[in-house]
Each structure stands twice: as structure tokens, then as C-alpha cells.
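**Student:** Build me a structure from this.
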Amino acid sequence: MAHTIVNAQNAPAPIGPYSQATMANGVLYVSGQIPLNQQTGELVTGTIEEETHMVMKNLQYILNEAGMDFNNVVKCSIFVKDLNNFGKINETYGSYFTSNPPARETVEVSRLPKDVTVEISCIAVK
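**Tutor:** Below is the predicted model of the structure:
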């Protein structure tokens with residue numbers, strides 16, 4: 001099976017042996033994104049809403065690089081350090097899906113890369 005690597009310059013470069021995203025048979029698999037601002041090289045460490053917005057912007061950069069947007073997303077996975085932040089994350093996340101939101105799960109984990117508080121990955125279809 002042939003697949004294409006998708007890398008968006010505006011999104012953070014991978015910090016390990018993985019790609020930002022891989023396209024196979026019209027399906028885009030986007031690696032988990034954290035609130036890292038590629039332009040400044042700094043983590044966004046403000047409110048959980050600001051962090052979630054940065055994560056969603058990083059996902060958007062990658063989707064756009066593949067010729068897609070949030071309307072193409074069919075599945076998201078949200079990893080969060082503190083499920084008490086779920087309401088705020090959910091509200092921010094939801095602002096990017098104005099109709100027909102994708103399937104999703106949200107999981108509380110003990111630790112995330114660079115000790116961030118939220119990471120989101122997605123799957124999109126052309």
C-alpha cells in the first residue's frame with residue numbers, strides 16, 4: 001500500500017520518529033498535536049482554552065496542507081492530564097466543529113509529551 005507523508009510548515013515538527021500525518025487511500029491519519037507554537041518554538045502554557053486552541057490550530061495547519069479542513073475529520077482522540085478540564089476543552093474543541101462533529105474519545109492520562117496538558121489526534125477522509 002502506498003502512502004504519502006504530509007508535513008505542514010506551520011505545525012510543529014515531529015519530536016520523534018513519526019510524521020505529522022500520513023495519507024493512505026484518501027484517509028489522513030494525523031499524529032497527536034500538542035500546544036506548541038511552531039512560529040515561536042514555545043509551548044503555549046496559558047489557560048486550558050488557549051492550549052486547546054493552539055492544538056486545534058496545529059491540526060488545522062496539517063489538514064489544510066492535505067487539502068482538507070475540519071469538515072473532513074471523522075474521528076478524534078483527546079488525551080488530557082486532568083479530566084476536570086474536560087468542559088473547557090470540550091467547549092473550545094467544539095468551536096471547530098460547527099456541524100456534524102466527528103466520533104471521539106477523551107482519555108485522562110498521567111503524562112503527555114513535554115508535560116503538556118492536552119494532546120489531540122485525528123483521522124480525516126477526502
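
**Student:** Leaving out sequence neighbours, find the closest residue to S19.
**Tutor:** I5 (4.6 Å; C-beta to C-beta, 6 or more residues apart in numbering). Any C-beta I mention is one placed from the backbone N, CA and C, and that applies to glycine too.

**Student:** Could you give the bridge partners of that neighbour?
**Tutor:** Beta-bridge pairing for I5 (DSSP bridges): T22.

**Student:** That one touches A24, doesn't it?
**Tutor:** No. I5 is beyond contact range of A24, at 10.4 Å (criterion: C-beta atoms under 8 Å).

**Student:** Show me where the protein has its strands.
**Tutor:** 4-6, 21-24, 27-33, 36-37, 42-43, 73-80, 103-108, 118-125 (DSSP state E).

**Student:** The third one pairs with which strands?
**Tutor:** For strand 27-33, the paired strands and their directions (DSSP bridges) are strand 21-24 (antiparallel), strand 118-125 (antiparallel).

**Student:** Enumerate the positions of that strand that are buried.
**Tutor:** Within strand 27-33, the residues scored as buried using 16 or more other C-beta atoms under 10 Å are L28, Y29, V30, S31, G32, Q33.

**Student:** next one: the second one
**Tutor:** Applying a neighbour-count criterion of 16+ other C-beta under 10 Å, one finds A21, T22, M23 buried in strand 21-24.

**Student:** Can you give me the distance of the last one to G67?
**Tutor:** Between M23 and G67 the distance is 10 Å, computed by C-beta to C-beta, to the nearest Å.

**Student:** And for the first one?
**Tutor:** A21 sits 12 Å away from G67, taking C-beta to C-beta as the criterion.

**Student:** Quick check: closest non-adjacent residue to R104.
**Tutor:** R104's closest residue in space is C76 (C-beta to C-beta, 6+ apart), at 4.5 Å.
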